[in-house]
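Asker: coordinates for the following, if possible.
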Amino acid sequence: MQETAFDLYEETVTDALKECSTKLRKKFKTAFIQTMILFMVIPRKINFTQMGRYSDSCEQRFRALFGKGFDWVEFNTSLMKRAYGEGGRKAIAIDASYISKAGKKTPYIGKFWSGCASAIKRGLEIPGIGIVDVEARDCIMLRAEQTPDKASLEKISEGYGFVEWYLDVLRKCKDNLSKITRYVVADTWLSKATFVNPLVEMNFHLISRLRDDAALWYSHDGVRTGKRGRPRVKGERIDFSNLDYSRCETLDIEAGEAYVIKAYSKAMKRNIKIVVHYPDSGDHKIYFSTDLSMSGKDIIEYYRTRFQIGFCFQDFKQFAGLYHCQARDLAKLDFAFNASLASVNIGKIMRKEFYPSLSIGLLKSYLSNIYMFNRFLAKSGLRPNKTLNAKLVKELFGLVTNAA
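Answerer: The predicted structure is shown next:
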């Protein structure tokens with residue numbers, strides 16, 4: 001049983017590598033598979049020293065591997081297709097995560113927003129791109145790329161900031177992402193013209209939330225007045241305390257009332273479709289999509305899946321050592337961040353297909369126990385009788401399963 005579980009994990013990595021179009025050398029594949037295994041079996045801090053201790057390879061092998069480039073988007077896309085298939089409702093989720101880091105020599109170290117601390121802290125930031133399956137309510141991460149600090153961004157060009165950087169991260173993966181879906185879900189902070197309009201130019205649609213006091217007008221019905229001058233682009237301003245129900249479509253929703261409206265956004269200078277939700281607790285929330293043909297129900301359901309990318313970052317930090325790498329090289333840090341993402345992706349497929357009762361944490365403990373047991377036997381030189389020891393093995397590895 002323990003060999004089968006461990007073999008399944010290794011086979012999942014191997015199958016995903018076969019889907020990569022880039023020809024990889026055998027030595028790279030062997031080292032890469034070993035790295036993916038170590039990220040899921042090392043119980044504590046995951047760094048080069050620990051990887052050398054928990055394997056038959058020296059830490060220099062991993063240092064050299066982490067300095068090489070790899071197409072993480074293609075690798076993780078094959079995992080995503082295996083997990084969710086190629087059809088169905090999917091969305092591209094983009095969000096940034098703060099990485100605590102000390103020292104002065106780490107590249108791009110600076111001051112970034114930490115959601116957990118609700119404050120700006122010194123460290124690193126990585127914006128991640130994931131694919132969310134609306135029906136499964138789960139996310140597979142495709143890529144993470146470290147954000148330059150403010151001083152480095154200003155050197156790129158005048159007026160270049162974090163929003164422009166996030167757009168460039170998406171632009172690099174544009175061809176791969178457009179084959180999966182055209183919808184992007186993002187945080188309210190990105191609901192601004194500097195992000196939305198370039199995104200639409202890339203032939204994507206944004207689904208997000210607006211500020212409660214956003215300046216919105218009813219979209220104009222298109223009837224020309226016959227007068228000279230510029231054609232009218234908007235109607236009356238929307239008063240959210242007194243809606244014009246003749247221009248609204250009622251949406252059936254739990255916990256309150258909701259209305260779908262075609263509106264004109266002053267900030268974005270474009271027509272959008274909004275869903276105004278009035279919860280029982282009072283106030284109102286405004287959700288929107290740049291796709292005017294999208295239904296109000298889809299806008300709500302797509303937006304609610306945005307939070308899955310946050311749960312992914314929690315798993316990466318808790319189980320896959322997202323902030324453990326101590327390298328001071330940009331390429332090695334990039335490899336370490338994305339290896340952490342990929343290892344949890346593989347773990348999700350293992351859970352979905354073979355161990356649905358186990359969480360990522362319990363699956364990691366299960367595989368770690370198997371790995372250490374096999375390693376003890378290999379180092380001792382013993383060849384135990386599996387039939388005689390079957391009961392002992394089941395009891396040993398059943399501890400984690402029973403805990404679920």
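Asker: and the helices in the protein?
Answerer: In the chain, helices defined by DSSP state H lie at 2-18, 26-41, 48-53, 59-66, 72-84, 150-156, 162-172, 174-178, 193-201, 296-304, 308-319, 330-353, 360-380, 390-403, listed in chain order.
Asker: to Arg270, which of the ones you listed lies closest?
Answerer: Nearest to Arg270 among the helices of the chain is helix 193-201; the distance by Cβ to Cβ comes to 7.3 Å. From N, CA and C alone the C-beta is placed, and that goes for glycine too.
Asker: so for the closest one, mean pLDDT?
Answerer: Per-residue pLDDT over helix 193-201 has a mean of 94.
Asker: helix 162-172 and that one, what's the angle between them?
Answerer: 10 degrees (axes from the mean of the first three to the mean of the last three Cα atoms, to 10 degrees).
Asker: can you pull the buried residues of helix 193-201?
Answerer: Phe195, Val196, Pro198, Leu199, Val200 (16 or more other Cβ atoms under 10 Å).
Asker: next: stretch 44-62.
Answerer: Result for stretch 44-62 [16+ other Cβ under 10 Å]: buried residues Ile46, Asn47, Phe48, Gln50, Met51, Gly52, Tyr54, Ser55, Ser57, Arg61, Phe62.
Asker: got any ranges where the stretch 251-400 of the chain has weak pLDDT?
Answerer: Low-confidence segments of the stretch 251-400 of the chain (pLDDT under 70): 381-400.
Asker: state the distance from Ile207 to Tyr166.
Answerer: As defined by Cβ to Cβ, to the nearest Å, Ile207 lies at a distance of 16 Å from Tyr166.
Asker: any idea of the pLDDT on the residue sitting nearest the centre point of the chain?
Answerer: By Cα atoms, centre = their mean, the chain has its centre lying nearest to Gly130, at 3.4 Å. Per-residue pLDDT puts Gly130 at 96.
Asker: now do Asp133
Answerer: For Asp133, pLDDT reads 95.
Asker: which non-adjacent residue is nearest it?
Answerer: Tyr84 (4.3 Å; Cβ to Cβ, 6 or more residues apart in numbering).
Asker: equivalent analysis for Thr106, please.
Answerer: Nearest in space to Thr106, with sequence neighbours left out and distances taken as Cβ to Cβ, 6+ apart, is Arg328 at 5.4 Å.
Asker: now do the phi/psi pair for that neighbour.
Answerer: With angles defined as degrees, to the nearest 10, Arg328 sits at phi -120, psi 30.
Asker: give the contact list for the residue nearest to Lys111 when sequence neighbours are not counted.
Answerer: Once flanking residues are discounted, Lys111 sits nearest to Ile120: 5.1 Å by Cβ to Cβ, 6+ apart. By Cβ atoms under 8 Å, 6 or more residues apart in numbering, the contact set of Ile120 is Lys111, Phe112, Trp113, Ser114.
Asker: quick check on these: which are buried?
Answerer: For these, buried by 16+ other Cβ under 10 Å: Phe112, Ser114.
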